[in-house]
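Colleague: output the structure for:
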Amino acid sequence: MPAAFIEHRPHATSEHEPTSHYVIVVNGEETGRYSTQDEAKTSACNRGYRPVHVARQRHLQDRSQPAHWRVDPC
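Modeller: Numbers count the residues shown, from 1 in each chain. The predicted structure is shown next:
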């Protein structure tokens, strides 16, 4: 299975902007809409995605920068 990224929505440029929901991003496509980051992470793990990357900070979601993510062990 491909890697999954758990991202905040809507996109933000400031760490002070509120999050309305979380999504799972796989191969550039969003799936699901989750109330919490943990719900999205659990769903991605249950679907078999490995690894699952979770955004460290809301305004840092560049998938090409490993420091912006923490890998969840599922």
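Colleague: break down the protein into its strands, ranges please.
Modeller: Assigned by DSSP state E, the chain shows strands spanning 4-9, 21-26, 29-34, 52-55, 69-72.
Colleague: for the residue lying closest to residue 62 once chain neighbours are set aside, give me its contacts.
Modeller: Of all residues not flanking residue 62 in the chain, residue 68 sits nearest, at 5.4 Å (CB to CB, 6 or more residues apart in numbering). The C-beta positions use only the backbone N, C-alpha and C, and glycine is treated the same way. Shown in contact with residue 68 (CB atoms under 8 Å, 6 or more residues apart in numbering): 55-57, 60-62.
Colleague: at 10 Å instead, please
Modeller: For residue 68, the contact set (CB atoms under 10 Å, 6 or more residues apart in numbering) comprises 5, 53, 55-57, 59-62.
Colleague: circling back: output the strands of the chain as a markdown table; include the columns distance to residue 46, mean pLDDT and mean neighbour count.
Modeller: Formatted as a markdown table, these follow (distance: least, CB to CB, whole Å; pLDDT from 0 to 100; neighbours: other CB atoms under 10 Å):
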| stretch | distance to residue 46 | mean pLDDT | mean neighbour count |
| --- | --- | --- | --- |
| strand 4-9 | 11 | 93 | 22 |
| strand 21-26 | 11 | 96 | 19 |
| strand 29-34 | 11 | 95 | 13 |
| strand 52-55 | 10 | 93 | 22 |
| strand 69-72 | 12 | 92 | 16 |
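Colleague: since that was my last question, I'll sign off now.
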